[in-house]
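Visitor: sequence and predicted model, in that order:
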Amino acid sequence: MASLQEQFLKAGLVNKGKAKQVHQEKAKQKKDERRAGTQSVDEARLAALEIQRKNAERARELNAQRDAAATQKAIMAQIVQMVQQNRQSKGKGDVAYNFTHDNKIKRVHVSPKVREHLIAGHLVIVCLGEATELLPKVIADKIAERDPSLVVQIKKASTEVEADDPYAAFQVPDDLMW
């Protein structure tokens, strides 16, 4: 393949005299650099290297984002699979069970036996999209490791009285229904 200079000569864009003059100036510049012991800065080459470095950095960032999205998608698929395989029946739905999720009070209708399991902590509520599912605590713990925002944390009522509680002397009856 012919050099760019030869291609310009054949196309008639440059004459032989101009090509020879450029060649002589280039040789003279290289000779001067060898004598002085300095190297000329090739700005075009440096600019190309800088652009190449920026493109490589951008490609790394995009790959990292793509990998993170793929990882998140795989985790969500695992969660959906665990929910589908381990969901428990809510029963006949006689009793309304209220819980809070994302600072909203939500309600699920369950049987009295399922309600007891929820209160005891054997079953846990998992909100997947708009659906609420009941799962065993072991499975819910595995889901909470992957995405804790999906699992509804039910706080057990403590029987201990706080030291500065002004209502400590007033007992709430156990059979009180709201």
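Guide: Ah, there it is.
Visitor: which helix of this structure spans the most residues?
Guide: Of all the elements of type helix in the chain, the one with the most residues (DSSP state H) is helix 43-86.
Visitor: same question for that helix, mean pLDDT?
Guide: When pLDDT is averaged over helix 43-86, the result is 93.
Visitor: off-centre distance for that helix?
Guide: On the basis of C-alpha atoms, centre = their mean, to the nearest Å, helix 43-86 sits 10 Å off its chain's mean C-alpha point.
Visitor: domain-wise, how is this structure divided?
Guide: The record's domain split for the chain, according to automatic domain parsing, is 4-32, 46-156.
Visitor: can you redo these as a markdown table with mean neighbour count and distance to residue 169?
Guide: Quick note: C-beta positions are derived from backbone N, CA and C, even for glycine. Formatted as a markdown table, those follow (neighbours: other C-beta atoms under 10 Å; distance: least, C-beta to C-beta, whole Å):
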| stretch | mean neighbour count | distance to residue 169 |
| --- | --- | --- |
| domain 4-32 | 11 | 97 |
| domain 46-156 | 13 | 23 |
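Visitor: got CSV for those, with distance to residue 165 too?
Guide: Formatted as CSV, the entries for the domains of the chain read as follows, by distance: least, C-beta to C-beta, whole Å:
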stretch, distance to residue 165
domain 4-32, 88
domain 46-156, 16
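Visitor: which one of the ones you listed lies nearest to residue 170?
Guide: domain 46-156 (20.7 Å; C-beta to C-beta).
Visitor: fine by me, thanks again.
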